[in-house]
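Asker: need a structure here:
(4 chains)
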Protein chains: 2
Amino acid sequence: MILEVYGADTSLEHLVDTIRNAIASRKLVIILGECSVDYIGRSESRLSTGERLIIIKQDGAFLVHRPTGHSPVNWQPETSAIEVKKSDKGIEITAIRRSPREIVRVYLNKIELVVISKLVDSGEFMMYLDEGELRDLLMYKPELIEDGLKIIEKEKKLPVGSIDLFGFDKNGRPVIIEVKRITASKEAVYQLYKYVESYYKNYGVKPRGILVAPGFTKSAIEALERLSLEYKQYSLQKLWNLKKELMNHRFKGRSILDYL
Amino acid sequence: MILEVYGADTSLEHLVDTIRNAIASRKLVIILGECSVDYIGRSESRLSTGERLIIIKQDGAFLVHRPTGHSPVNWQPETSAIEVKKSDKGIEITAIRRSPREIVRVYLNKIELVVISKLVDSGEFMMYLDEGELRDLLMYKPELIEDGLKIIEKEKKLPVGSIDLFGFDKNGRPVIIEVKRITASKEAVYQLYKYVESYYKNYGVKPRGILVAPGFTKSAIEALERLSLEYKQYSLQKLWNLKKELMNHRFKGRSILDYL
DNA sequence: TATTATATCTCGGGT
DNA sequence: ACCCGAGGTATAATA
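Answerer: So this is what the prediction gives:
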């Protein structure tokens, strides 16, 4: 790992050069120092002086972090240019984004530490049980929602959007299913309602609408009852177990999950 | 600014102690090193080995950053405990959150740099022209939406949520206004529709619904027409000028904006 | 490029 | 503690 560390004793000129070169050669830059920050773009903001952590990532992502909180106070998700220049008081860094047109400018008046590095990271990131996977698992085992339910399509397109799962119940009545992976709020209910109405308008048959989630807010249940919609709670644990089971059942060397 | 810097030559035992103490005394910890990361909580993820930047903030916020991208690959917005222990290969850091129950565990097998600091940041952050401010400006100058419009209430509560602006047009017909500060999509239309329907049910009078935004997606305009709703485009620049104007008109030493 | 839906969304404000 | 809505949301998928 490349690693250079500069302290408060380094000359500003040298720091400016160092940071410029680091950005040009797509290195990671970490700065600890006192600064104020201006932002102009989709909105406008101004942050007065304080001690902060500034990070310029190897792809130009730009972050200004205060000492607390998960989120950066100012940032630039992707930059078209990052300008570094010496000002009379310290160093000015400007991170520019082309579309939407946005500018973050940091006025550093005290620099305590600059770290330059180059991280090598080819690690694989795997996330389990996102909404799509839940939907696929429920499609594979619709009896978890209701006995006799047959799912015939996922992500069925309607004029107003696409339905998570679509099928027919044991009486042959069409069923529209909306899946959520966290507690469903009334927003989810309106989403489902929208699909049910749209289906009704398009096909002339009133379908059942079922909201499937690990939990429901009170107002969601009220809305469901008011709109004559149904809901079914599922256990994340059960689906997780189902997934593990399916991962062990392989077909032609691939997990069954790949075929859903 | 407190500042301690430790390189790869520091003993693991000493690093463990240093990091533990830093966390206990609510300091900022920055680590550069090679690690893998596990996460279990609202979802589950696994990240295999690679070089990363780990940040533990003064309030316990925990971030693992890869060399690219705005967002951390793993994180904990707030922690109830952070445990640091020496393992056979390196250092293991576990960030625990109580509610929702979540755990992020980092297995560091190479540590290149540890920085401990304490940032002092009492700077004030001001964001201009968020949705609330736009709404207040439109309330002050409703003719920007329509001539003869009178706004009588903001954030009017309805069973299904609260209306941004409520008033009456020049013919005395009630008007429900939904304000967006970015291009409005069909979601915004459904939100407005929900309010219009709810008002109709509650008061027995069909109100007009106007979506006010700097722009509209094609499907938003389709939905508006289908649902007999109206829309009005505003110029962010115009509102920005109005704001600057109001900032200069002061009353009892305070900006007029404070009274809206 | 624009639009849509999701997110371990986060965060703040309300009840 | 839950619920709700806004966000400079970011991000990935899709048309």
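Asker: give me every residue that touches the closest residue to residue A:118 other than its chain neighbours.
Answerer: With Cβ to Cβ, 6 or more residues apart in numbering or on different chains as the measure, residue A:2 is the residue that lies nearest to residue A:118, at 4.3 Å, once sequence neighbours are left out. C-betas here are computed from N, CA, C, even on glycine. Residues in contact with residue A:2 (Cβ atoms under 8 Å, 6 or more residues apart in numbering or on different chains) are A:27, A:116-118.
Asker: do the same with residue A:62
Answerer: By Cβ under 8 Å, 6+ apart, the residues touching residue A:62 are A:54-56, A:75-76, A:79, A:82, A:95, A:104.
Asker: give me that answer again for 6 Å
Answerer: A:56, A:76, A:79, A:95 (Cβ atoms under 6 Å, 6 or more residues apart in numbering or on different chains).
Asker: Among these, which pair sits farthest apart?
Answerer: A:56 and A:76 (9.4 Å; Cβ to Cβ).
Asker: circling back: for the residue nearest to residue A:118, grab phi and psi.
Answerer: The phi/psi pair for residue A:2 (degrees, to the nearest 10) reads phi -70, psi 140.
Asker: Next, work out how far apart it and residue A:30 are.
Answerer: 13 Å (Cβ to Cβ, to the nearest Å).
Asker: Backbone torsions only: list them for residue A:228.
Answerer: Main-chain dihedrals, residue A:228, degrees, to the nearest 10: phi 60, psi 40.
Asker: how many other residues sit next to residue A:243?
Answerer: Here the count is done by other Cβ atoms under 10 Å in any protein chain shown, and residue A:243 has 18 residues near it.
Asker: How about the contacts made by it?
Answerer: Applying Cβ under 6 Å, 6+ apart, no residues contact residue A:243.
Asker: That one should be in a helix, yeah?
Answerer: Yes: under DSSP: H, G, I helix; E, B strand; the rest coil, residue A:243 falls within a helix.
Asker: if I look at it, how far off is residue A:103?
Answerer: Distance of residue A:243 to residue A:103, computed by Cβ to Cβ: 45 Å.
Asker: Same check on residue A:119?
Answerer: Residue A:119 sits 27 Å away from residue A:103, going by Cβ to Cβ.
Asker: With neighbour numbers in mind, choose between these two.
Answerer: residue A:119 (22 against 16).
Asker: Report pLDDT for that one.
Answerer: With respect to pLDDT, residue A:119 scores 98.
Asker: just how off-centre is stretch A:60-71 within its chain?
Answerer: Chain-centre distance of stretch A:60-71: 17 Å, with Cα atoms, centre = their mean, to the nearest Å.
Asker: For that stretch, list the C-alpha coordinates in PDB.
Answerer: Provided in PDB are the C-alpha atoms of stretch A:60-71 (Å, rounded to 0.1, in the frame of the first residue of the first chain):
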ATOM      1  CA  GLY A  60     -13.000  11.600  -7.400                       C
ATOM      2  CA  ALA A  61     -15.800  11.000  -4.900                       C
ATOM      3  CA  PHE A  62     -15.500  13.900  -2.500                       C
ATOM      4  CA  LEU A  63     -16.600  13.900   1.200                       C
ATOM      5  CA  VAL A  64     -16.500  16.400   4.000                       C
ATOM      6  CA  HIS A  65     -17.300  14.800   7.400                       C
ATOM      7  CA  ARG A  66     -18.000  16.600  10.700                       C
ATOM      8  CA  PRO A  67     -16.900  14.800  13.800                       C
ATOM      9  CA  THR A  68     -20.300  13.100  14.300                       C
ATOM     10  CA  GLY A  69     -23.000  11.500  12.300                       C
ATOM     11  CA  HIS A  70     -23.100   8.900   9.500                       C
ATOM     12  CA  SER A  71     -23.600  11.300   6.600                       C
END
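Asker: how about it: buried residues?
Answerer: Residues A:60-68 are the ones in stretch A:60-71 that count as buried (16 or more other Cβ atoms under 10 Å in any protein chain shown).
Asker: next one: phi and psi at the residue nearest the centre of chain A?
Answerer: Nearest to the geometric centre of chain A sits residue A:130, at 11.3 Å (Cα atoms, centre = their mean). Backbone geometry at residue A:130, expressed as degrees, to the nearest 10, gives phi -80, psi 180.
Asker: Please point out which parts of the helix or strand hosting residue A:38 sit buried.
Answerer: Counting by DSSP states H and E, the element that carries residue A:38 is strand A:28-40. Under the neighbour-count criterion of 16+ other Cβ under 10 Å, strand A:28-40 has A:28-37, A:39 buried.
Asker: How many residues are close by the closest residue to DNA strand D within chain A?
Answerer: At 2.8 Å from DNA strand D, residue A:219 is the closest residue in chain A, using Cβ to the nearest atom of the strand. By other Cβ under 10 Å, 15 other residues sit near residue A:219.
Asker: Specify the local secondary structure of it.
Answerer: What three-state DSSP gives for residue A:219 is helix.
Asker: for the one 3 residues further on, same thing?
Answerer: Assigned state for residue A:222: helix (three-state reduction, three-state DSSP).
Asker: Identify the residue nearest it in space, chain neighbours excluded?
Answerer: Nearest to residue A:222 is residue A:186, by Cβ to Cβ, 6+ apart, at 7.7 Å.
Asker: hang on, that neighbour packs against residue A:218?
Answerer: No: taking Cβ atoms under 6 Å as the definition, residue A:186 is not a contact partner of residue A:218, at 9.3 Å.
Asker: Just the CA coordinates for the helix or strand harbouring residue A:178, please, in CSV.
Answerer: Following DSSP H and E, one finds residue A:178 within strand A:174-179. Presented in CSV, the C-alpha positions along strand A:174-179 are these (Å, rounded to 0.1, in the frame of the first residue of the first chain):
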residue,chain,number,x,y,z
PRO,A,174,-56.5,-12.6,-10.0
VAL,A,175,-54.2,-11.6,-7.2
ILE,A,176,-51.8,-8.7,-7.1
ILE,A,177,-49.1,-9.0,-4.5
GLU,A,178,-46.8,-6.2,-3.3
VAL,A,179,-43.7,-7.4,-1.4
